[in-house]
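> Sequence and predicted structure below; questions after.
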Amino acid sequence: MNPEKYPKPAEDAEIEAALRNFRLSVHHWSEQEYVRPRAIERTRWSRFTAGFWTMIANPALGGTLAAAMLIASVSVPVGIQYEHKVAAERQAALDLQQKQAEEVRKSAVAAASSAVDDAAFLDDVDSDIAQATPEAMQPLASLMNDAPAKSSRR
C-alpha cells in the first residue's frame, strides 16, 4: 500500500467541512427561492394569449366567435366551389364558341373547295362532250346540228 495515495485524516476533516458548508448553502438558497413567488417577465405574446383566453371565457363573446368560425368554415368552401363552377361554365362557353367558329371556318373552306371542284368537274364534262365525232357518225352529227359537220381527219 502506498500511503501517498490516501489523504491524511486532517485533510479529510477539511474536505468534509467544505462539502458540509456547500451543502448547507445550497439548501439555504433553495429554501429562499422556493418560498418567494416566481417572477416571470411577460412578453407581448403572453399578455395577448392571457387576455384572449380570458375574453373567450365570456359566454357571449365565445358564442359569437364560435358562430363566426362556423359561418366562415361553411361559406368559404361554398364560395370557392361556386367560383370553380362559374369558371368551368365560362370555359365551356368559350370552348363552344371556338368549336362553332371552327365549324364555320371548315364549312367556308369546304364551300370554297367544292366551288373549285364543281368548276373542274364542269370543265371535265365540257371536254368530254367537246370531243370530235367519229367519222362514221359524221352524217348523224350533221343532222343534229345546224352547223356543218367537221371532219376529224388528219
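Good, I have the coordinates.
> Residue 87: which element?
Using DSSP states H and E, residue 87 maps to helix 59-129.
> Give me the buried positions along the next helix or strand after that helix.
Counting by DSSP H and E, the next helix or strand C-terminal to helix 59-129 is helix 138-144. By 16 or more other C-beta atoms under 10 Å, helix 138-144 has no buried positions at all. Where you see a C-beta, it was placed from the backbone N, CA and C, and this is true even at glycine.
> Helix 138-144 - what's its average pLDDT?
The pLDDT scores in helix 138-144 average 77.
> how about low-confidence regions in this structure?
1-7, 38-40, 115-116, 131, 145-154 (pLDDT under 70).
> Can you tell me which residue is spatially central in it?
residue 84 (11.3 Å; C-alpha atoms, centre = their mean).
> Tell me who's in contact with that residue.
Listed by C-beta atoms under 8 Å, 6 or more residues apart in numbering, residue 84 has no contact partners.
> Next one: it from residue 25, what distance?
72 Å (C-beta to C-beta, to the nearest Å).
> Please apply the same query to residue 49.
38 Å.
> got it, and residue 57?
45 Å.
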